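S.K.: task: produce atomic coordinates for the following.
(one chain, ligands or ions: 2)
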Amino acid sequence: MKISRVNLYHLRMTLQTPFETSFGRIQTRDSILIEAFEDGLAGYGECVADRDPGYSYETAETAWHVLRDFLVPAVLGKDLDSPAAMQVHAKFVRGHSMAKSGLEMALWDLQGKREGRSLCEMLGGVRTKVEVGVSVGIQESAQALVQTVDGYLAQGYSRIKIKIKPGRDVAEAQAVRRAYPNLRLQVDANSAYSLETASNLLPLDDLGLLLIEQPLAEDDLWDHSRLQKRFSTPICLDESILSVRHARQALEMGACKIINIKVGRVGGLSEAIAIHDLCQARGTPVWCGGMLETGVGRAANLALASLPDFRLPGDISASDRYYADDITHQRFTLNPDSTIDVPDGPGLGVTIDSTALERATLKSLSLP
Ligand code: OSB
Ligand code: MG
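M.R.: Ligands and ions are numbered 1, 2, ... in the order given. As a prediction, this is how the structure comes out:
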């Protein structure tokens, strides 16, 4: 394929409810929509960098800069054998995984549309629907948390993840466990602890959690390996795994027993598949994380989660959990068995609602 033009849209969308994690509380979500053209056909990708550098050092502004000044110029007019070939031209850019990932995604969508194949089919997916759960932000109190969880269970979600931070952890998890003895439950600390302060989390080991996600710093595989020895609950890494090399080293070190794969964090669908394949070969389960995506990124996550080693429910909730005014015509809805259907149309299988896109756009740019 050969890309002749790329449009960038910096979006800001209002969340249905504020979302609070150990790194802050947000009411709106930024992202960049990437629209790549070949012969009048457009492919779409989502860059999940947010306004603030809380989860990652990338922001919508750094990603805009890197896309505009480096990544898009590096692929315009180049002959690309495959969407993944874009990574060869992007190699001179160190890091900036979310920027790279959004561009690669647009090429997958374009190729799928050209060939009339769904992303699920292109990636080797084996399921027509995938199990999903909800990631619940930090609430006012443990009691409010149980009430919020209640609401999601009533909607049909059968796996709950709760966000924790120091001082808002064990009591919260115990309260949810007491209310729902058999619920599939997991926690996510988003790097809020050190090896020392993580001792406070030891009571979590008695709650039968599916996993404890990213307790320690993102650049600290070694201390995660020490911590895992103290817990029988599997540690799952999110922020720490930026590539298939990190995944291999984490597994060899015993730093985790489960890996959360996010397309944006690892630099694109091709790297996500490489991590999936490595984990599958080593008998390690993976699951698909979420970044509060719009319908574009959500479609990609559903396709990815249809691969065989995605053995735990993903953070891929229904569209209405996130935005009232999404940018795709398609709305993803929850089936009664806590699954969401994998899109089967060409490429991502979604179309852009240009009116909603216009409402969400802060600025746009056409290249060259
Ligand atoms: O750590 O998994 C995370 C959202 C933004 C940044 C980081 C995370 C999250 C979530 C939300 O947990 C998952 C979702 O998209 O529903
Ligand atoms: Mg996480």
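S.K.: rest of the way, CA atoms for contacts and neighbours
M.R.: Fine.
S.K.: state the number of residues packed around residue 93.
M.R.: 13 (other C-alpha atoms under 10 Å).
S.K.: got the contact list for it?
M.R.: Residues near residue 93 by C-alpha atoms under 8 Å, 6 or more residues apart in numbering: 70, 71.
S.K.: tell me the bridge partners for residue 15.
M.R.: Judged by DSSP bridges, the bridge partners of residue 15 are residue 323.
S.K.: and it, how far is that from residue 231?
M.R.: Separation of residue 15 from residue 231 (C-alpha to C-alpha, to the nearest Å): 35 Å.
S.K.: with adjacent residues omitted, what lies nearest to residue 32?
M.R.: residue 10 (4.6 Å; C-alpha to C-alpha, 6 or more residues apart in numbering).
S.K.: how would you label that neighbour: helix, strand or coil?
M.R.: Secondary structure, DSSP: H, G, I helix; E, B strand; the rest coil: residue 10 is strand.
S.K.: check what pLDDT it gets.
M.R.: Confidence at residue 10, expressed as pLDDT, is 98.
S.K.: OK, contacts around the nearest residue to residue 328 once chain neighbours are set aside?
M.R.: Among residues not flanking residue 328 along the chain, residue 352 sits closest, at 4.5 Å (C-alpha to C-alpha, 6+ apart). Going by C-alpha under 8 Å, 6+ apart, residue 352 touches 327, 328, 329.
S.K.: most surrounded residue in those?
M.R.: residue 327 (25 neighbours).
S.K.: list the contacts of that one.
M.R.: 294, 295, 296, 352, 353, 354, 356, 357, 360.
S.K.: buried ones among the residues you listed?
M.R.: The neighbour-count criterion (16 or more other C-alpha atoms under 10 Å) marks 294, 295, 296, 357, 360 among those as buried.
S.K.: what about the closest residue in space to the first one that isn't next to it in sequence, how many residues nearby?
M.R.: Read it as residue 294. Nearest residue to residue 294, sequence neighbours excluded (C-alpha to C-alpha, 6+ apart): residue 326, at 6.2 Å. Residue 326: 22 surrounding residues under other C-alpha under 10 Å.
S.K.: ligand 1 versus residue 326, what's the distance?
M.R.: 14 Å (C-alpha to the nearest ligand atom, to the nearest Å).
S.K.: helix, strand, or coil at that residue?
M.R.: Criterion first, three-state DSSP; result for residue 326: coil.
S.K.: shouldn't residue 18 be within a strand?
M.R.: Yes - assessed by three-state DSSP, residue 18 belongs to a strand.
S.K.: picking that back up, closest to ligand 1 out of the buried ones among the contacts of residue 327?
M.R.: Ranked by distance to ligand 1 (C-alpha to the nearest ligand atom), those are led by residue 294 at 9.3 Å.
S.K.: for the closest one, what are its contacts?
M.R.: 46, 319, 323, 326, 327, 328.
S.K.: swap in residue 260?
M.R.: Applying C-alpha under 8 Å, 6+ apart, the residues contacting residue 260 are 236, 237, 238, 286, 287, 288, 289.
S.K.: around ligand 1, which positions in the stretch 251-368 of the chain sit nearby?
M.R.: Residues of the stretch 251-368 of the chain lying close to ligand 1 (C-alpha under 6 Å from any ligand atom) are 289, 290, 291, 292, 315, 316, 317.
S.K.: all helices for the stretch 1-150 of the chain, in order.
M.R.: Remark: helices assigned in the stretch 1-150 of the chain by DSSP state H, counting those that start in this stretch are 60-66, 72-75, 86-90, 97-115, 119-123, 142-155.
S.K.: for the residue nearest to residue 32, give me its contacts.
M.R.: 30, 31, 32, 33, 60, 64, 361, 362, 363, 364.
S.K.: ok, now which ones touch the most far-flung residue of the chain relative to its centre?
M.R.: Centroid-distance maximum for the chain: residue 39 at 30.5 Å, with C-alpha atoms, centre = their mean. Counting by C-alpha under 8 Å, 6+ apart, residue 39 makes contact with residue 4.
S.K.: rerun that using 10 Å as the cut-off
M.R.: Shown in contact with residue 39 (C-alpha atoms under 10 Å, 6 or more residues apart in numbering): 1, 2, 3, 4, 5.
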